[in-house]
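Undergrad: how would this look folded up:
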Amino acid sequence: MNSVLFVDDEPLIVDNLFHFLAGIEEMDLLLWKAYSALEAIDIMQNNRIDILFTDVRMPGMSGLELIGHVRKHWPRCKVVFLSGYSDYEYLQTALRHDAFDYLLKPVDNLTIVDVLRRVISEFESEIQTLDVITRAEQQLRRALNLLQNEFLDGLLKGGPLPTADIRIQVRDLEIPLDPNHSVILLIGRVDRWPTHQHKRDKLLLQYAIGNIVEEYVNDKCRFVSHSDERYVVWLFQTHYESAGQGEEVRDMAKFQWYLNELLEKIQQTIRQYLHLPVSFVLSKPDVSWQQIPHTYGIMCELMQRGIGLDEQIIMIEQADDMLAQFPEKELAPQDVQRHMSRLANLLETDDKATFQDELMRFFRSMQQSVFLDYAFQLEIYSRISTMFLSFMNGRKMTAALGGQIDLDDLTHYRKHVNWSALEEYFLNLSTLIFSYADTERKDQKKEIVYKVDAYIVNSLNRNISLTELAKQVHLSPYYLSRLYHMEKGVSLFESIKELKLSRAKELLLREGYKVQDVAIELGFDNVPYFTRFFKKHIGITPMDYKQSNKV
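TA: All right, here's what the predicted structure looks like:
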């Protein structure tokens, strides 16, 4: 979704462009309008702007001055000047400001659409020139800094480290962050890997994801990243060399908002060029180094409990099953670790069929082993039980499932007659877990759609933006748009349109209500636009509808 802002001191020009483009849903635009440069600055300070159409000459501040403000907030924004002045001087100034195009008014709507398509095409070309896969290949070939990776892994997953130790490690490992200042955490997860994906390919794609994220934020901050089997994690700090304590806090809060605004574009780019669905969780803007392990744990839990639009599937590397070829060979600890790693990932991503198949393969391999002593049996049992308990507690489903299956069997190994009985118990428990998670996910999505519909109904007297609706349910506009369409089978804009039409019909039949009154109550700028809207979708004008339904 591309965010487009129109600025002109002539409201008629702005309104006509705004309403025309609002009807072209296939372009997937988020539209804004302003009647002055100052009003435009207020919009771009609080919302991402990808494309700016602005008049050159306006009272107070010109479009040429306005471009400096948009470059400050959104350096990747493409600018198109609209002007009634064909002077060579204005054209030269526009080109010096790196304008995408310079159009002479009056401009017809089809020309605007053509410019928009060329801007969007250039956005795509710019991303392609990043050549993220090539850069990732080069990065993969370079030697990894193992000590830095080990430090970050311990920092995220261990207990809080002494401040003095953190300072020494950050300095000695040349980590480009300052341990005396707070950080922002961002974690990303690939929701669904392509099938038969090898570990090297996954690592390559993780580097590519990192390159895309870093390309978007590189000029705004300093950062370090860390990857493991499940997540990619970034730690960010702003450039604060000359900032005081109060300024630093404000800068971090502003940068956290900036990151949040960019995540939708980052997701779109990753899906377009890497063909991977990726989820993100962003931390608060003032995480101290001592708080990093705790904050990271909470963010991982949020990721696990997040609302999934797709089946969140992670396919991990399939190794040869050596026990199937050599049944007399002892089951090695690394084999158990491999199976447990697969099971934990599949359980987290709600892949019931693959999880249960992997669980049965795991039990087959244990039953084939000759040298499986009692202590090792207890270890395996404890690890599987702990995996289930940790997952259920993290999803807060333990109490609900306790009424359907005896959870004491997770802590009393001797209650199970043999490994076949234990396998059956774990399979039954996994079935209950996946069923509960599926119901919970569906209920969450229905609740969100219900809240959005209620807000629309209570706001029919004005124009509601997708951004405004997304803020009501704390989701990104793009994510909400997809979720709503999947749940109801129609787009948000179609739903708003139908509700407005239904309300319009009701009001037109009320005694004493004029067409002008209905237009105002439904948030239309003027009666002619309301009349065109009504006739386009109903087939007759509001006045004809009113007359034809008179008793």
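Undergrad: and residue 401, how far from residue 348?
TA: According to C-beta to C-beta, to the nearest Å, residue 401 stands 17 Å off from residue 348. C-beta coordinates here come from the backbone N, C-alpha and C atoms, glycine included.
Undergrad: who's more crowded, those two?
TA: Each of residue 401 and residue 348 has its neighbours counted (other C-beta atoms under 10 Å); residue 348 has more, 21 against 17.
Undergrad: correct me if wrong: that one contacts residue 390.
TA: No - Residue 348 sits out of contact with residue 390 when judged by C-beta atoms under 8 Å, with a separation of 10.1 Å.
Undergrad: least trustworthy helix or strand in the chain by mean pLDDT?
TA: The weakest-scoring helix or strand in the chain, judged by mean pLDDT, DSSP states H and E, is helix 322-325 (a mean of 34).
Undergrad: now for the next helix or strand after it, which elements pack on it?
TA: Using DSSP states H and E, the next helix or strand after helix 322-325 towards the C-terminus is helix 333-348. If you count contacts as 3 or more C-beta pairs under 8 Å, 6 or more residues apart in numbering; DSSP states H and E, helix 333-348 packs onto helix 352-368, helix 374-394.
Undergrad: mind listing what's buried along helix 333-348?
TA: For helix 333-348, a neighbour-count test (16 or more other C-beta atoms under 10 Å) marks 335-336, 338-340, 342-348 as buried.
Undergrad: likewise for stretch 504-512?
TA: For stretch 504-512, a neighbour-count test (16+ other C-beta under 10 Å) marks 504-505, 507-508 as buried.
Undergrad: narrow those to those in helices?
TA: Of these, the ones assigned to helices by DSSP state H are 504-505, 507-508.
Undergrad: wait, what's in contact with residue 287?
TA: 182-185, 295 (C-beta atoms under 8 Å, 6 or more residues apart in numbering).
Undergrad: report the beta-bridge partners for it.
TA: residue 183 (DSSP bridges).
Undergrad: state the distance from it to residue 184.
TA: 7 Å.
Undergrad: what about stretch 507-524, start to end distance?
TA: 14 Å (C-alpha to C-alpha, to the nearest Å).
Undergrad: if I pick residue 380, what's in contact with it?
TA: 336, 366.
Undergrad: cool, residue 263 as well?
TA: 280, 282, 476.
Undergrad: try residue 47
TA: Under the criterion of C-beta under 8 Å, 6+ apart, the neighbours of residue 47 are 3, 32, 261, 467.
Undergrad: one step back: and the two most separated of the buried residues of stretch 504-512?
TA: 505 and 507 (7.5 Å; C-beta to C-beta).
Undergrad: and the helices in the stretch 51-200 of the chain?
TA: Secondary structure of the stretch 51-200 of the chain (DSSP state H, counting those that start in this stretch): helices located at 63-73, 88-96, 109-130, 132-141, 146-157, 163-172, 199-217.
Undergrad: how about low-confidence regions in the stretch 1-150 of the chain?
TA: 85-97, 127-145 (pLDDT under 70).
Undergrad: let's see 80
TA: Low-confidence segments of the stretch 1-150 of the chain, defined by pLDDT under 80: 84-98, 124-147.
Undergrad: quick one on the thing from earlier: can you list the contacts of residue 287 in CSV and add pLDDT, neighbour count and distance to residue 213?
TA: Formatted as CSV, the contacts of residue 287 follow (pLDDT from 0 to 100; neighbours: other C-beta atoms under 10 Å; distance: C-beta to C-beta, whole Å):
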residue, pLDDT, neighbour count, distance to residue 213
182, 91, 18, 20
183, 92, 25, 15
184, 92, 23, 13
185, 93, 20, 13
295, 89, 18, 19
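Undergrad: closest one of those residues to residue 540?
TA: Of all those, residue 540 sits closest to residue 184, with 55.1 Å by C-beta to C-beta.
Undergrad: surely that closest one and residue 291 touch.
TA: No - using C-beta under 8 Å, residue 184 is not in contact with residue 291; the gap is 11.7 Å.
Undergrad: now the phi/psi pair for residue 237, please.
TA: Dihedral pair for residue 237: phi -140, psi 150, per degrees, to the nearest 10.
Undergrad: from the chain's centroid, how far away is stretch 478-485?
TA: 11 Å (C-alpha atoms, centre = their mean, to the nearest Å).
Undergrad: list of residues touching it?
TA: For stretch 478-485, contacts defined as C-beta under 8 Å, 6+ apart pick out 1, 264, 267-268, 307, 309, 445, 448-449, 452, 466, 469-470, 473, 475, 491-492, 495.
Undergrad: so who does residue 19 touch?
TA: Contact partners of residue 19, counting by C-beta under 8 Å, 6+ apart, are residue 529.
Undergrad: what about it, which SS state?
TA: helix (DSSP: H, G, I helix; E, B strand; the rest coil).
Undergrad: name the residues of the longest helix belonging to the chain that are buried.
TA: When the chain is parsed with DSSP H, its longest helix is helix 419-457. Residues 419, 422-423, 425-426, 429-430, 433-434, 436-437, 440-441, 445, 448-449, 452-453, 456 are the ones in helix 419-457 that count as buried (16+ other C-beta under 10 Å).
Undergrad: likewise for stretch 280-292?
TA: Residues of stretch 280-292 classed as buried by neighbour count (16+ other C-beta under 10 Å): 280-283, 285, 287, 289, 291-292.
Undergrad: same question, stretch 255-268
TA: 255-256, 258-259, 261-267.
Undergrad: which of those residues sits closest to residue 532?
TA: Using C-beta to C-beta, the buried residues of stretch 255-268 come closest to residue 532 at residue 264, 31.5 Å.
Undergrad: that closest one: which element?
TA: Here residue 264 is assigned to helix 245-274, by DSSP H and E.
Undergrad: what angle sits between that helix and helix 109-130?
TA: 90 degrees (axes from the mean of the first three to the mean of the last three C-alpha atoms, to 10 degrees).
Undergrad: tell me what the helix or strand following helix 245-274 is packed against?
TA: As assigned by DSSP H and E, the chain's next helix or strand after helix 245-274 is strand 278-282. With contacts taken as 3+ C-beta pairs under 8 Å, 6+ apart, strand 278-282 sits against strand 184-190, helix 245-274, helix 292-305.
Undergrad: export stretch 391-399 as PDB, just CAs?
TA: The C-alpha trace of stretch 391-399 is given here as PDB (Å, rounded to 0.1, in the frame of the first residue of the first chain):
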ATOM      1  CA  PHE A 391       3.700 -24.000  25.300                       C
ATOM      2  CA  MET A 392       0.400 -24.300  27.200                       C
ATOM      3  CA  ASN A 393       1.500 -21.900  29.900                       C
ATOM      4  CA  GLY A 394       2.700 -19.400  27.300                       C
ATOM      5  CA  ARG A 395      -0.600 -19.500  25.400                       C
ATOM      6  CA  LYS A 396      -2.500 -19.500  28.800                       C
ATOM      7  CA  MET A 397      -4.500 -22.700  27.900                       C
ATOM      8  CA  THR A 398      -3.400 -25.000  30.700                       C
ATOM      9  CA  ALA A 399      -6.500 -24.500  32.800                       C
END
